[in-house]
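Colleague: Sequence first, then the predicted structure:
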Amino acid sequence: MNIHLALLTIYSIGVIAFGVWTSRFVRGSSDFFVAGRSLGPGLVMVSMLAANIGAGSTVGVAGLAYRDGISAWWWVGSAGLGSLVFAWLVAPRLWRLAAAHDFYTTGDYLEFRYGATVRTIVAIVICIGSLALLAGQLIAGAAILNVITGAPRWLGACIGAGVMTIYFVSGGLIGSAWVNTVQLVVMMTGFAVALPVVLERVGSMAALGEPPAPEWFTDFLYSSGPGSGWTMLFLLGPAFVVSPGIIQKAYGAKSARAASLGVALNAVALLAFALIPTVLGMAARTLTPGITDANNVLPTLLMTQLPVWLGALALSAVFSTEVDTCDAILFMLSTTASQDIYRRVIKPTATDAELLRVARGAAVVGGAAGVVMSIYLATVISAITIFYSVIIVSLLVPIIAGLFVPRAGGAEALAGIAAGLSTLFVVRFFVTPVYRWADPALSGVLAAAVLYFAVLFLRRPAAHV
């Protein structure tokens, strides 16, 4: 066994053991779903940051930077900007509603504002979209194991899914918050040590833009169309304002101030971190030219261009980011399936113990389904983009408008969701292939907003739903 694989194995066993140990703190569904609303700003920040720095922010960004250069910063940078909006405009309002009405999920809020039908439809959309997001994390973890051992994608995805499912099922949100703290330390240490070594091998930051790099390689505002450069602000900015997993983590804060401050600190950290995987991807183009699989850019760089011990540490750091983001996705999946579908649609009289069993069972099923999807989706970025696109066109308008437009009801929300999703798919498959700059996600959000407020205008004033 080489040192890279040995360190990954030791790390994975440690994460599982720690996750299982935290299960002692889970005494009911409140602990599992919202950590008993006990998280201070520090744990909110750690939990958010660990969830937000995942496959897309590391393996995906490095692959984008290998192709597009420094404009790949916008992937994580947009997430940070969106998180600032969430911190000060949305999170405190949602937390107060959650504390007052005992919300566990985003679906609880949607039913409160718009009714049970909206909640059920959104729950189904979230579950389907979350599988694509989970697949993206597993693709990245599998790429690491492939570079180290040559393991096929399906095997690497199974291993990654096994690690994160076991420790998440044990501890829920309260366990994940503590495991994420350890994972965040590993991740930041690995990247902090690896970055200067890689830059030393390249020569300097200025050398990253020297020929044969394209002339736009150091252009911060470069974009080749939707999904490239600054246009990612339209996709990822809104996604980090209304992502169900992020909202549910904010519910776990002990106060509105703790939620706001914790999310804001997470945003600042994201803006600072955004440059690290971008520079590593740019350096990989100089040091390891000829990589054809975008998923392998970062693992190959860390495996071949660093001392063995440091490469092993850095690869463990990257693997850590994929695992801790997976638990955030399982959290979103399990709470949606148990609270929004099982309790509301299948068995309204479900006991607390039943909800816990269903949540844990949903996490196991979700992990398995994510493995299957990871085999068929091509890259980390393509898988994650599916999730973000679906989430923002269906949730951005209903959630934000619901906080500021009291008169809006279920008709407005359903109209907006239908318009957003249908426009997204029409533009994605029929318009963008012909007109490259037609952004499917932005088009979907605009359509959702137009129809939401058109229905609001046409409907007679109605009582709050």
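Modeller: Received, thanks.
Colleague: Tell me how far residue 332 lies from residue 262.
Modeller: With the distance defined as C-beta to C-beta, to the nearest Å, residue 332 ends up 18 Å from residue 262. Just so you know, the C-beta spots here come from the backbone N, C-alpha and C atoms, and that holds for glycine as well.
Colleague: can you give me the helices in the stretch 151-300 of the chain?
Modeller: Remark: helices assigned in the stretch 151-300 of the chain by DSSP state H, counting those that start in this stretch are 153-202, 232-242, 244-251, 256-273, 275-287, 297-304.
Colleague: how about these in CSV, adding mean neighbour count, distance to residue 432 and mean pLDDT?
Modeller: Supplementary listing: these in CSV, determined by neighbours: other C-beta atoms under 10 Å; distance: least, C-beta to C-beta, whole Å; pLDDT from 0 to 100:
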stretch, mean neighbour count, distance to residue 432, mean pLDDT
helix 153-202, 21, 27, 75
helix 232-242, 24, 13, 92
helix 244-251, 27, 26, 84
helix 256-273, 22, 28, 94
helix 275-287, 23, 25, 94
helix 297-304, 24, 25, 92
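Colleague: Okay, angle between the host helix or strand of residue 43 and helix 244-251 too, please.
Modeller: If you go by DSSP states H and E, residue 43 is part of helix 41-52. An angle of 170 degrees separates the directions of helix 41-52 and helix 244-251 when computed by axes from the mean of the first three to the mean of the last three C-alpha atoms, to 10 degrees.
Colleague: Check which helices and strands helix 41-52 sits against.
Modeller: Contacts of helix 41-52 with other secondary structure elements, assessed using 3 or more C-beta pairs under 8 Å, 6 or more residues apart in numbering; DSSP states H and E, are made with helix 73-85, helix 153-202, helix 244-251, helix 256-273, helix 308-335.
Colleague: Now the element after that helix, going C-ward?
Modeller: In the C-terminal direction, the helix or strand that comes right after helix 41-52 (DSSP H and E) is helix 61-68.
Colleague: Now that next one: average pLDDT?
Modeller: The average pLDDT for helix 61-68 rounds to 94.
Colleague: Please verify my assumption that residue 45 contacts residue 268.
Modeller: No: Residue 45 is beyond contact range of residue 268, at 9.2 Å (criterion: C-beta atoms under 8 Å).
Colleague: so who does the nearest residue to residue 416 once chain neighbours are set aside touch?
Modeller: In this structure, residue 416 finds its nearest non-sequential neighbour in residue 452, 3.5 Å apart by C-beta to C-beta, 6 or more residues apart in numbering. Residue 452 makes contact with 397, 398, 401, 408, 412, 413, 415, 416, 419, according to C-beta atoms under 8 Å, 6 or more residues apart in numbering.
Colleague: mind checking which of the helices of the stretch 151-300 of the chain is nearest residue 378?
Modeller: Between residue 378 and those, the shortest separation by C-beta to C-beta is 10.7 Å, and it involves helix 153-202.
Colleague: so where's the chain uncertain?
Modeller: 1, 15-16, 18-38, 164, 167-181, 183, 320-321, 323-324, 327-328, 460-465 (pLDDT under 70).
Colleague: For the spatially most central residue of it, give me its contacts.
Modeller: In the chain, the C-alpha closest to the average C-alpha coordinate belongs to residue 52, at a distance of 5.2 Å (C-alpha atoms, centre = their mean). Listed by C-beta under 8 Å, 6+ apart, the contact partners of residue 52 are 79, 83, 240, 246, 266, 270, 325.
Colleague: Isn't residue 451 up against residue 414?
Modeller: No: applying C-beta under 8 Å as the test, residue 451 and residue 414 come out as separate, 9.6 Å apart.
Colleague: Please render the helices and strands packed on helix 41-52 as JSON lines that adds distance to residue 128 to the earlier fields.
Modeller: Shown next, in JSON lines, are the helices and strands packed on helix 41-52 (distance: least, C-beta to C-beta, whole Å):
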{"stretch": "helix 73-85", "distance to residue 128": "22"}
{"stretch": "helix 153-202", "distance to residue 128": "18"}
{"stretch": "helix 244-251", "distance to residue 128": "12"}
{"stretch": "helix 256-273", "distance to residue 128": "26"}
{"stretch": "helix 308-335", "distance to residue 128": "10"}
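Colleague: Out of the ones you listed, which gets nearest to residue 282?
Modeller: Across the helices and strands packed on helix 41-52, residue 282 has its closest neighbour in helix 153-202 (8.5 Å, C-beta to C-beta).
Colleague: so how far is residue 144 from the closest residue to residue 106 other than its chain neighbours?
Modeller: On the basis of C-beta to C-beta, 6+ apart, the spatially nearest residue to residue 106 that is not a chain neighbour turns out to be residue 244, at 4.1 Å. According to C-beta to C-beta, residue 244 and residue 144 sit 27 Å apart.
Colleague: and the helix or strand hosting the residue nearest to residue 416 with helix 232-242, angle?
Modeller: Taking DSSP H and E as the criterion, residue 452 maps to helix 440-458. Per the same axes, to 10 degrees, the angle that helix 440-458 makes with helix 232-242 is 60 degrees.
Colleague: Show residues contacting stretch 289-301.
Modeller: Around stretch 289-301, the neighbours that count as contacts under C-beta under 8 Å, 6+ apart are 58-60, 62-64, 66-67, 139-140, 143-144, 146-148, 198, 277, 280-281, 283-284, 287-288, 315, 318, 379-381.
Colleague: In contact with residue 431, which residues are there?
Modeller: Under the contact definition (C-beta under 8 Å, 6+ apart), the residues listed for residue 431 are 438, 440, 443.
Colleague: residues near the last one, how many?
Modeller: Each residue near residue 443 was counted by other C-beta atoms under 10 Å, and the total is 21.
Colleague: any chance of the contacts of residue 431 in a markdown table, plus distance to residue 190?
Modeller: A markdown table is the format used below for the contacts of residue 431 (distance: C-beta to C-beta, whole Å):
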| residue | distance to residue 190 |
| --- | --- |
| 438 | 39 |
| 440 | 35 |
| 443 | 39 |
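Colleague: Name the nearest of those relative to residue 367.
Modeller: Minimum distance to residue 367 across the contacts of residue 431 is 28.4 Å, recorded for residue 440 (C-beta to C-beta).
Colleague: Correct me if wrong: residue 42 contacts residue 266.
Modeller: No: look at residue 42 against residue 266 with C-beta under 8 Å: they stay out of range, at 10.6 Å.
Colleague: Which parts of stretch 343-356 count as buried, going by neighbours?
Modeller: Across stretch 343-356, burial judged by 16 or more other C-beta atoms under 10 Å covers 343, 344, 350, 355, 356.
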